[in-house]
Every structure is written in structure tokens, then in C-alpha cells.
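Visitor: next come a sequence and a model predicted from it.
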Amino acid sequence: MGVTPGQGAAESAAALDEVAERLVEVWSRAHNGSDVPVPATQLRVLFILERGPMNVSHLAAEMGALVSSASRLCDRLEAAGLLLRDPGKDRREVTIRLSPDGQSLLDRLKVRRRQDLAQVLESMSAPAQAALLWGLSQFGEAASPGGADAGAGAEAPDNPFSLPA
């Protein structure tokens with residue numbers, strides 16, 4: 001798999017898809033340890049809740065799931081001590097949030113994930129690491145809401161890693 005200057009978006013997407021699988025494998029190692037007390041779907045809930053407290057309807061929308069399914073996931077996470085439910089002022093709406101144990105689990109996973117990523121990055125040259133981080137930051141900007149339209153086709157003038165044509 002090689003990346004060549006001027007290749008089309010379809011070719012770039014295929015190359016990205018291929019390498020992204022490897023990134024996801026490295027990223028997921030931390031989540032698959034025997035000391036992780038919940039399956040991947042429940043971990044996803046915890047990572048969403050790390051952004052801040054919300055109600056179950058909002059969580060379901062974030063997950064693209066039914067409210068009843070999200071509620072059952074929350075039941076399991078609450079039973080495991082990883083999630084807390086706070087009644088609203090009017091008692092009709094319940095806010096869900098990470099418990100201290102839930103945050104601690106996510107913190108441990110992030111440390112492990114970063115160690116796994118660092119191990120891979122150590123095998124890369126400093127310029128390759130910098131180019132990767134620059135490219136991923138550009139991808140992140142383009143993938144964020146409104147980002148794709150704002151910089152469509154434009155190359156940042158301060159890209160120190162431009163490939164010769």
C-alpha cells in the first residue's frame with residue numbers, strides 16, 4: 001500500500017481504509033484485556049458519557065440505538081458501578097453520568113491505549129510521526145461538522161510534509 005501525490009480520493013480512501021484497520025486493531029487491544037469488566041458496546045456508552053451527563057434519549061441518539069436498548073445498557077452499567085443516574089428536578093427526566101469507577105476504567109484504558117500507540121510510533125522515524133499527526137489532524141478537521149466544506153481541496157500552506165509532484 002503506497003500513497004502517491006495526486007492520487008484520487010477513491011485511491012486515497014482505499015489506502016486509508018486499509019491502514020485504519022491496523023490503527024483500530026492497535027486501539028482496540030486496550031479494550032479487549034481480561035481486566036475490562038464490560039463488553040465493547042457498554043464501553044462505547046462510557047466513552048460517550050465521558051463527554052458529559054445526558055439523558056437516555058440523547059445517549060440513544062448518539063449511539064443510533066433505540067431508547068429501550070440504551071436504557072438496558074445503562075441498567076447493566078449501573079449494576080456494575082460504572083454509571084450513575086441522577087433524578088431531574090421535576091423527577092420526569094433522569095440524567096446519566098459516569099461514576100468515579102467508570103471514569104477510572106476509561107482513564108486506565110486510555111493509558112494502555114496510548115502505550116500501545118507509542119510502541120508503534122517508536123518504530124517510525126520522527127518525520128513520519130510528524131507527517132502522520134499532521135495528516136490525522138487535517139482529516140479530523142475535514143471530518144468535523146462543516147470541516148469538509150471549509151477546506152475542500154485546499155492544501156494548508158504550512159504543510160511541511162508536502163510531497164513533490
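Guide: Received the coordinates, thanks.
Visitor: so the closest residue to residue 16 other than its chain neighbours, which of the three states?
Guide: Spatially, and ignoring its direct neighbours in sequence, residue 16 is nearest to residue 139 (8.0 Å; CB to CB, 6 or more residues apart in numbering). Bear in mind the C-beta positions are built from the backbone N, C-alpha and C, glycine included. What DSSP: H, G, I helix; E, B strand; the rest coil gives for residue 139 is helix.
Visitor: element containing the most centrally placed residue in the chain?
Guide: Nearest residue to the geometric centre of the chain (CA atoms, centre = their mean): residue 47, 8.2 Å. Using DSSP states H and E, residue 47 sits within helix 40-49.
Visitor: next one: residue 95
Guide: Going by DSSP H and E, residue 95 is in strand 94-98.
Visitor: so how far is that strand off the chain centroid?
Guide: 20 Å (CA atoms, centre = their mean, to the nearest Å).
Visitor: run through the residues that contact the residue nearest to the centre of the chain.
Guide: residue 106 (CB atoms under 8 Å, 6 or more residues apart in numbering).
Visitor: show the pLDDT at it.
Guide: We have a pLDDT of 96 for residue 47.
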